[in-house]
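In: Pasting a predicted model and its sequence here:
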There are 2 protein chains.
Amino acid sequence: MKYPAALALVSLLLTSGAHGHDSVEHLQVDHSIIPAELAAEAVLIRERALLDNLPVNIVESLTTEVGPRRIGTEGDKRAIAWAVAKFEELGFDRVWTEEVTVEHGWVRGEAKAEITSPYPHNLVLTALGYSVGTEGDLVAEVVEFATFDELLAIPEGDSLNGKIAYISYSMADYVPPEGGSPMGGYGQGTRARGQGHVEAAKRGAEAIVIRSVGTDSNRIGHTGSGYGYVDGVRMIPAAALSAPDAILIDNMLRRGKPVTMKLNMTSRITGPITGANVIGEITGREGSDEYLVLGAHLDSWDEGTGAIDDGAGVGSMMAAAAMIGQMDQRPRRSIRVLLFGGEEIGLVGVRQYAERYENEIDAHLLGAEVDSGGGRIHTLTSGVGEAAVPVVREMYKLIAPLGVAWSDANDATGASDMSVLGRAGMPALNFDQNSNDYFDFHHTPNDTFDKIVPEDMRYLTAAYATIFYLAAEMDIDFRK
Amino acid sequence: MKYPAALALVSLLLTSGAHGHDSVEHLQVDHSIIPAELAAEAVLIRERALLDNLPVNIVESLTTEVGPRRIGTEGDKRAIAWAVAKFEELGFDRVWTEEVTVEHGWVRGEAKAEITSPYPHNLVLTALGYSVGTEGDLVAEVVEFATFDELLAIPEGDSLNGKIAYISYSMADYVPPEGGSPMGGYGQGTRARGQGHVEAAKRGAEAIVIRSVGTDSNRIGHTGSGYGYVDGVRMIPAAALSAPDAILIDNMLRRGKPVTMKLNMTSRITGPITGANVIGEITGREGSDEYLVLGAHLDSWDEGTGAIDDGAGVGSMMAAAAMIGQMDQRPRRSIRVLLFGGEEIGLVGVRQYAERYENEIDAHLLGAEVDSGGGRIHTLTSGVGEAAVPVVREMYKLIAPLGVAWSDANDATGASDMSVLGRAGMPALNFDQNSNDYFDFHHTPNDTFDKIVPEDMRYLTAAYATIFYLAAEMDIDFRK
């Protein structure tokens, strides 16, 4: 399409409310900042992305042909090979892997539990990542703590000797303080998930069981990583109950009778493992020594197929860059898609990436990551130098018709893995997503391809493709 | 409360739209059919039921203190003892059990499966009731049939030798024909669930796997009963995949590559078992030789705690009768709550009940059953003699304010177990419920107490208590 026609389309799309977001302003772009021709190209890439199922197809491919891919497993190795092949198939100019090493691997084994008294019941739970096993049946009375702070409030010592500590805190029932985010409930839950096994052991407990950190009511546990064991503190098993099983135990405990659980977990920690970050580059027409980075993590937990966490990130980031790569010419500056390994066990891949690129942080012109599922973007927040804010604000106008709001906070440091680079000084954007059902499925066997909503994935990808296309074409210093 | 005040309340409640059902007519009761004083009592019981959490508390007690209770299991024995004790606690006048015998019991064992090729994946599935096991690993290519009819369309013989038949039919995607019920999708699905193991074996298959008959997208299989094996046809294993696992296999098959499954099931059929029907009676002040019957089934599938199927029926029926028993005097005629054993394996308990009471069907003045979860009633349909229809229509007016519509069909034969008695000649009512999410949870580990919505249970119970109170007080012959 040549420019006069393209400009007419831009004008139409910017003013017609074509996407039905009547409440979103259709803002006039300042063409002294974004030239009309460039804005037209950005609109074209946005509109093309809305019609292109590529991000969904990538997630389908990853979840079907690979599936679960916890770092160090056979699935992870298949995922790395898959990612290399997919980047090549999509026409990326350079594709390579960078090894990620981890001191310990982990074998999930099986996790079984039942209530033996006062009322026999089988329970559904899942081992928390890197938990040790029980070495046979562990039978002990359950001692409930409504919150992690209640556990911390009892003194270290032996008061939980012979007991299983149980933290009944429910993320689903979290009510944010005024002005607070509903995500606060996740933060509260992950305190016990991350440190419970250490703090319960310091008080003598034989094991810790938490209510899963999630928002669903399915008979499915949510796994997730502990922050590791601590020298000098006994290594006790840690597991997460499904919400209905936690409610069942709560109802038993309300009767005032002792509740006894039998727990049997065969999980175990192993020796060193390796994984990889996989990187694909659309090389800029002015060279490859400066680049914009789109992040996601390739690894997943091992019970689902990692569709929303983080297949959605892999699909949208690969597709957004590939669509930019399908324009008539390469963008001025390079775009790299960084697919990190080992995010789920503590941002391992990006930390090693940050060390490797320690002296090249300035080459990372701008970064962002999708790691909250496949939902649409609702708010764009910059984290750039003051001089660049008005430029990003003009770029934003081109995704406003997708239903995106603008935040003036300018405090973005990048989501998930990308936050490590953001804190190291890389300018960042946060694309906040609708993730209403994300914690229904997150870290469970239920994280499967059917949870992806294709139209939402297309909207998500369109927002990234548009902004990163503009950022790659324009000669802006985003640094703070 | 004395009558003038009660009548004022009736007037208020019948005209004020107190329950917010603005679209429901508040109909004037014909006091030549239902005397004003009796209507006032009926409104009182209805309003009291709306405030009384008893039905919910009964479900909580059953699901917490007993849990799963498949006929013949230890859970079922506990359930029978629980039901006797609960009837007594609730003040029923007579409580007894009647043995139910079953030719074979069944041990669920474990059901594991994986795709070994083209892409290795663990699968989530569940054994269908009374399936045999695999006797070790069964590894075979999957042959897909989109519907049960597609399987039936291939000739009997050996064309499926060495294969696993897979029926990918999805209840969730069922579109009813014009004027048809969405329940048609369940009927379609249960054909394969009930007969697939016989029809696939007739065509040589080693096993049959179906997509679960359900409407959810959880990584949880839905069990359910086959209709038994057939003499002269090989007994092959039968299992149901979770919806996401079925979709995964569909996506693999679309790639045109052979899909190989490894299946290992340790389920097995055993010798005879016994269970019981448990009966509680509120004895009428004019004697116990004629009675109205409220039905539910006490048994449940074995992976959840049987909250919606059929704890909701047990709770609402026990509570409705108990509330009638709490009135100032016993009703004129008796009310019996029939809690059947073995419904899930083919209406076994009610069939034996019907044989036992073959010569006393006329003593069953009117029956109804709750076996569709804890949702509110949306439509009342009679199945009574023509002369009694206008009377039931007047009774109906007293539950119209609960959001209930009236159907003129007069073709009710009673739901679930009660249909056996309905077909034997017992007059019946059908209270059609909102069961929008029923097939999300039905026959799965997810059928747990948290799925009960207390206010809906109170509405449900209020409708039954009101109608059966009136029916027990009035001297009506409901027979056809």
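Out: Arrived safely, thanks for sending.
In: and chain A, which residues reach chain B?
Out: Counting by Cβ under 8 Å from any Cβ of the partner chain, chain A comes close to chain B at A:60, A:63-68, A:74, A:119-122, A:124, A:217-220, A:243-244, A:247-248, A:251-252, A:304-305, A:444-446, A:448-451. To be clear about C-beta, it is placed using only N, CA and C from the backbone, and glycine gets the same treatment.
In: out of the residues you listed, which are inside helices?
Out: Residues of the residues of chain A next to chain B located in helices (DSSP state H): A:60, A:63-65, A:74, A:243-244, A:247-248, A:251-252.
In: Mark which of these are buried, thanks.
Out: Listed as buried from these are A:60, A:63-65, A:243-244, A:247-248, A:251-252; burial here means 16 or more other Cβ atoms under 10 Å in any protein chain shown.
In: and of these, the nearest to A:Ser372?
Out: Sorting those by how near they are to A:Ser372, with Cβ to Cβ, puts A:Thr63 at the top with 17.2 Å.
In: tell me the contacts of that closest one?
Out: Contact partners of A:Thr63, counting by Cβ atoms under 8 Å, 6 or more residues apart in numbering or on different chains, are A:305-307, A:311, A:448-449, B:248.
In: out of those, which is most surrounded?
Out: A:Gly311 (36 neighbours; other Cβ atoms under 10 Å in any protein chain shown).
In: Which residue, neighbours along the chain excluded, lies closest to that residue?
Out: Distance criterion Cβ to Cβ, 6 or more residues apart in numbering or on different chains; nearest residue to A:Gly311, sequence neighbours excluded, is A:Val59 at 4.2 Å.
In: what number of residues lie near the one you found?
Out: By other Cβ under 10 Å, 29 other residues sit near A:Val59.
In: A:Ser382 touches A:Gly422, doesn't it?
Out: No: the pair A:Ser382 / A:Gly422 is not scored as a contact, 11.5 Å apart, by Cβ atoms under 8 Å.
In: Any chance you could list residues touching both of these two?
Out: Common contacts of A:Ser382 and A:Gly422 (Cβ under 8 Å, 6+ apart): A:Ala412.
In: what sits against A:Glu369?
Out: For A:Glu369, the contacting residues are A:294-296, A:313, A:317, A:414-418, by Cβ under 8 Å, 6+ apart.
In: Repeat the analysis, applying 6 Å as the threshold.
Out: Taking Cβ atoms under 6 Å, 6 or more residues apart in numbering or on different chains, we find A:Glu369 in contact with A:295, A:414-418.
In: which ones among these are found in strands?
Out: Per DSSP state E, strands hold the following members of these: A:Gly295.
In: Can I get stretch A:447-467 in PDB, CA atoms only?
Out: The C-alpha atoms that make up stretch A:447-467 are tabulated as PDB, following Å, rounded to 0.1, in the frame of the first residue of the first chain:
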ATOM      1  CA  ASP A 447      -2.500 -24.400  32.200                       C
ATOM      2  CA  THR A 448      -3.300 -25.800  28.700                       C
ATOM      3  CA  PHE A 449      -3.800 -24.400  25.200                       C
ATOM      4  CA  ASP A 450      -7.600 -24.300  25.500                       C
ATOM      5  CA  LYS A 451      -7.200 -21.400  28.000                       C
ATOM      6  CA  ILE A 452      -5.800 -19.200  25.300                       C
ATOM      7  CA  VAL A 453      -8.400 -16.800  23.800                       C
ATOM      8  CA  PRO A 454      -7.300 -16.200  20.200                       C
ATOM      9  CA  GLU A 455      -8.800 -12.700  19.700                       C
ATOM     10  CA  ASP A 456      -7.200 -11.500  23.000                       C
ATOM     11  CA  MET A 457      -3.800 -12.900  21.900                       C
ATOM     12  CA  ARG A 458      -4.100 -11.000  18.600                       C
ATOM     13  CA  TYR A 459      -4.900  -7.700  20.500                       C
ATOM     14  CA  LEU A 460      -2.000  -8.400  22.800                       C
ATOM     15  CA  THR A 461       0.400  -9.000  19.900                       C
ATOM     16  CA  ALA A 462      -0.800  -6.000  18.000                       C
ATOM     17  CA  ALA A 463       0.000  -3.600  20.900                       C
ATOM     18  CA  TYR A 464       3.600  -4.900  21.100                       C
ATOM     19  CA  ALA A 465       4.200  -5.000  17.400                       C
ATOM     20  CA  THR A 466       3.000  -1.400  17.000                       C
ATOM     21  CA  ILE A 467       5.000   0.100  19.800                       C
END
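In: so A:Ser372 sits right up against A:Ser435, yeah?
Out: Yes: assessed by Cβ atoms under 6 Å, A:Ser372 is found in contact with A:Ser435 at 4.3 Å.
In: Go ahead and flag the most central residue of chain A.
Out: Per Cα atoms, centre = their mean, the C-alpha nearest to the average position across chain A is that of A:Asp371, at 2.7 Å.
In: For it, grab phi and psi.
Out: Backbone geometry at A:Asp371, expressed as degrees, to the nearest 10, gives phi -150, psi 40.
In: Do I have it right that it meets A:Gly414?
Out: No: with contacts counted by Cβ under 6 Å, A:Asp371 stays clear of A:Gly414, the gap being 10.1 Å.
In: Which one of A:Ser372 and A:Ser435 is surrounded by more residues?
Out: Applying other Cβ under 10 Å to A:Ser372 and A:Ser435 shows that A:Ser372 carries more neighbours, namely 23 against 20.
In: Show the contacting residues for the more buried one.
Out: A:Ser372 makes contacts with A:433, A:435, A:438, as judged by Cβ under 6 Å, 6+ apart.
In: Equivalent analysis for A:His443, please.
Out: A:His443 is in contact with A:222-224, A:301, counting by Cβ under 6 Å, 6+ apart.
In: okay, now A:Ile476: neighbour count?
Out: 20.
In: which element is it on?
Out: Here A:Ile476 sits in a region with no helix or strand, counting by DSSP states H and E.
In: Low-confidence ranges, chain A, go.
Out: A:1-26 (pLDDT under 70).
In: what ranges do the helices span in it?
Out: A:3-15, A:36-51, A:54-65, A:74-89, A:148-153, A:184-202, A:243-253, A:312-325, A:348-356, A:389-397, A:418-423, A:438-441, A:454-473.
In: Any chance of JSON lines for the ones you listed, columns distance to B:Lys257?
Out: Below are those laid out as JSON lines (distance: least, Cβ to Cβ, whole Å):
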{"stretch": "helix A:3-15", "distance to B:Lys257": "42"}
{"stretch": "helix A:36-51", "distance to B:Lys257": "29"}
{"stretch": "helix A:54-65", "distance to B:Lys257": "10"}
{"stretch": "helix A:74-89", "distance to B:Lys257": "16"}
{"stretch": "helix A:148-153", "distance to B:Lys257": "48"}
{"stretch": "helix A:184-202", "distance to B:Lys257": "39"}
{"stretch": "helix A:243-253", "distance to B:Lys257": "38"}
{"stretch": "helix A:312-325", "distance to B:Lys257": "22"}
{"stretch": "helix A:348-356", "distance to B:Lys257": "31"}
{"stretch": "helix A:389-397", "distance to B:Lys257": "44"}
{"stretch": "helix A:418-423", "distance to B:Lys257": "37"}
{"stretch": "helix A:438-441", "distance to B:Lys257": "28"}
{"stretch": "helix A:454-473", "distance to B:Lys257": "24"}
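In: do you know which of those helices lies nearest B:Ala111?
Out: Proximity to B:Ala111 (Cβ to Cβ) singles out helix A:243-253 among those, at 20.1 Å.
In: So what touches the closest one?
Out: Helix A:243-253 has contacts (Cβ under 6 Å, 6+ apart) with A:123-124, A:144, A:168, A:211, A:217, A:219, A:259, B:64, B:448, B:450.
In: Kindly recompute the last result at 8 Å.
Out: Helix A:243-253 has contacts (Cβ under 8 Å, 6+ apart) with A:115, A:118-119, A:121, A:123-125, A:142, A:144, A:166, A:168, A:170, A:172, A:211-212, A:214, A:216-219, A:241, A:259, B:60, B:63-64, B:305, B:446, B:448-450.
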